[in-house]
Structure formats: structure tokens, C-alpha cells
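Novice: have a look at this prediction, sequence included:
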Amino acid sequence: MREWGQEVLDQLPPIALRNAKEVGTDPISYIAEGFGFTAFALEDGTVYQSYSATRRGVEFLMGYYGILDHAPKGRDEAEGFQLWIRRHDEYEND
């Protein structure tokens, strides 16, 4: 599991551990691979990087976030980062 130790694993939100297991990798490899968005512009034969964002900065690409933000409980993130993400059969009967 790379060079990072148990202290890093202890700081991860539970969703990272679950997601790593479900995609068939270890937690450190899972969080080491990040996502992002970069936009480029071509002007007079030169390419410029005009915008770049990672993590929470790419929410504009996720159409469901806007819907959740208008729902009564919103994203319901009070308990921690992305703990609200569940498959359809994992919700309790409220």
C-alpha cells in the first residue's frame, strides 16, 4: 500500500474505503487517482490553459448535484463528505 501509513487511512472518510473495495483496489491507490477538468484555448497558434479545477471544483459537471441542492435535505452531508451516496437498496425506511 505505497509509502503512506495507517495514519492516512484513519483520516479517510468511510466512503473512500467502501469505494476502493468496490472497484477492486486499495484505499491509498483509490485516493491517489484524482479527477479534474481543464479547458484550453487556441489563439494565434498557441495553446493556453484557460481553466483547471479538481475535487469540489468540478461539481458543475455533475448534473445531479444541482437537483440535490434543491431537495429538502440537500446533499445531507452533515455527517461527513459524501456519506449520503448510497445505492437504491441501501436506504433505511424513514
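Specialist: That came through fine.
Novice: so what's residue 48 up against?
Specialist: 40-42 (CB atoms under 8 Å, 6 or more residues apart in numbering). For every residue, glycine as well, the C-beta is placed using N, CA and C.
Novice: what about the residues you listed, which are in strands?
Specialist: Among the contacts of residue 48, the members falling in strands (DSSP state E) are 40-42.
Novice: where do the helices sit along this structure?
Specialist: Under the criterion DSSP state H, the chain carries helices at the ranges 6-11, 14-23, 27-32, 63-69.
Novice: CSV for those, including distance to residue 53?
Specialist: Shown next, in CSV, are the helices of the chain (distance: least, CB to CB, whole Å):
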stretch, distance to residue 53
helix 6-11, 23
helix 14-23, 20
helix 27-32, 18
helix 63-69, 14
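Novice: if you compare these, which one is most tucked away?
Specialist: With neighbours defined by mean count of other CB atoms under 10 Å, none of the helices of the chain is more surrounded on average than helix 27-32, at a mean of 16.
Novice: that one - contacts with which helices or strands?
Specialist: helix 6-11, helix 14-23 (3 or more CB pairs under 8 Å, 6 or more residues apart in numbering; DSSP states H and E).
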